[in-house]
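**Q** coordinates for the following, if possible.
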Amino acid sequence: MKKLINKTIVLLQQFIFFMSKFTYNIKALADSDTLNLTINGEIGGENEFYAFNTAEEFSDKIKYFKNGQTKCHLYINSPGGSCFDANEIVNIIKREFKSFTATGGALVASAASYIAISADKFTLPKNGVVLIHKPSMLLEGNNDLINSELKLLDVLTEDYFNVYNAKASDKNKFKKSWDSGRDIWMSATEAKDLGFCDEIINENAKFTALISAEIPDDIKNKYNISNNINMNKLSLIAAKLNLPGVTAESSDEAVLLAIEAKFKELNENLVANEKKEKERQVALIKSMIDGAIKANKINATQREIFEKIGNDSGVDALQRLFDAMQVTGSLVSKTVPQSGGDEIKNFKDLMANGIDIDTYRAENPENYAKMFKAEFGREPKI
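**A** Take a look at the predicted model:
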């Protein structure tokens, strides 16, 4: 019995970790119109061991479950977290879906409120609370580094203000509160009155809707599930995963074995999808570089440089770089003196002057970083 309990703990820990990365929502898979996703807890962070709800995981979640849906509905209950992860989550949703609605939980704070208020429609339960405030960050280093990071903080603050201000019903009142630098706490009613929440939903009605959305009728009937019944947790997991060979009378050990098999299947599918996506990206980067060589925008000796740009920054960034190039024939590698770094303003200038990108990056790292960020909206991986 002790051995079974230990196995249960280990397996459920693995299962919970996996499901924290991929919220398994049966309704989302079955619905041809809307993909339902969840953010519950802190958003992102820099710790690689326990950072959840990162933009990368959110993107993986969409890749895994999206099956032709054009709308996204997000349930968010979060104290906030990383501004950058929140910004990118909004970018991902708006890129992948034509419409975006959000429902808040008990707490929608800080970076979480940025995500929610960016939605086309944002609803809250009666007991929901919203927190808006200016972005903040911990600074360290010399005066140059701190001034640089303060500039970044100014950019983030302006972006957050613009998103909130666009929804504020009384913009003068909001601007005054924002400029005070204080936390702006709002009940659901206050958030609606101030324009940040579009609708206050009935808690009981929403609870029923969520139950219906997550567990299809055939599974509820099979396991005799109602809105007022507390199922054994293992049976609930089995019901949500629709595990083959598991019935309401199955033993806990049988359920665990079925969960273990499903966990293995999900992992195998994830690995296969990641491998397929990587192969697709490698083939696409090769095709793009072949086309650029054929068009005399670069020469064959520069292939490795542009492969690295494509792998590090993505095919979209690589395509934008090629689009900015003019046909110059075979580019001759040429170095630029350190003192001449400021004469080059963008990648188009590099191409026009026949300058080797890799050499320029090594000799003028600061200016290269500025150009890269201006072109692609983020810091380069140097």
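**Q** make sure Ile76 is indeed in a strand.
**A** Yes. Counting by DSSP: H, G, I helix; E, B strand; the rest coil, one finds Ile76 located in a strand.
**Q** okay, now it: neighbour count?
**A** Neighbour count for Ile76, taken as other C-beta atoms under 10 Å: 23. C-beta here means a position set from N, CA and C on the backbone, and glycine is covered the same way.
**Q** tell me the mean pLDDT for the top helix by length along the chain?
**A** Under DSSP state H, the helix in the chain containing the largest number of residues is helix 252-294. The average of the pLDDT scores along helix 252-294 is 81.
**Q** now it, how far from the centre of its chain.
**A** Relative to its parent chain, helix 252-294 has a centroid offset of 18 Å by C-alpha atoms, centre = their mean, to the nearest Å.
**Q** show me what it is packed against.
**A** Contacts defined by 3 or more C-beta pairs under 8 Å, 6 or more residues apart in numbering; DSSP states H and E place helix 252-294 against helix 2-21, helix 55-65, helix 233-241, helix 303-313, helix 315-324.
**Q** lowest average confidence across these, which one?
**A** Sorting these by mean pLDDT places helix 2-21 lowest, at a mean of 49.
**Q** next helix or strand past the helix or strand of the chain with the lowest mean pLDDT?
**A** For the chain, using mean pLDDT, DSSP states H and E, the weakest element among its helices and strands is helix 26-30, scoring a mean of 36. Sequence-wise, the next helix or strand downstream of helix 26-30 (DSSP states H and E) is strand 34-40.
**Q** what's in contact with that next one?
**A** For strand 34-40, the external contacting residues (C-beta atoms under 8 Å, 6 or more residues apart in numbering) are 23, 25, 27-28, 53, 58, 61-62, 65-67, 69, 71-78, 89, 97, 105, 112, 115, 213.
**Q** in three-state terms, label Ile200 for me.
**A** Three-state call for Ile200 (three-state DSSP): strand.
**Q** is it true that it touches Pro125?
**A** Yes. Contact between Ile200 and Pro125 holds when scored by C-beta atoms under 8 Å: they sit 7.3 Å apart.
**Q** okay, those two: which has more neighbours?
**A** For the pair Ile200 and Pro125, the greater number of neighbours falls to Pro125 (20 against 17), based on other C-beta under 10 Å.
**Q** any idea what the more buried one is bridged to?
**A** In this entry, Pro125 is beta-bridged to Ile201, by DSSP bridges.
**Q** so what's it scoring on pLDDT?
**A** pLDDT recorded at Pro125 is 92.
**Q** I'd assumed Leu107 was in contact with it.
**A** No. When contacts are counted by C-beta under 8 Å, Pro125 is not listed as touching Leu107 (10.9 Å).
**Q** just to revisit the earlier point, need the overlap of contacts for Ile200 and Pro125.
**A** Contacts common to Ile200 and Pro125, judged by C-beta under 8 Å, 6+ apart, are Ala188.
**Q** count of neighbours near the nearest residue to Ser78 once chain neighbours are set aside?
**A** Nearest residue to Ser78, sequence neighbours excluded (C-beta to C-beta, 6 or more residues apart in numbering): Ala112, at 3.7 Å. Residues near Ala112, counting by other C-beta under 10 Å, number 28.
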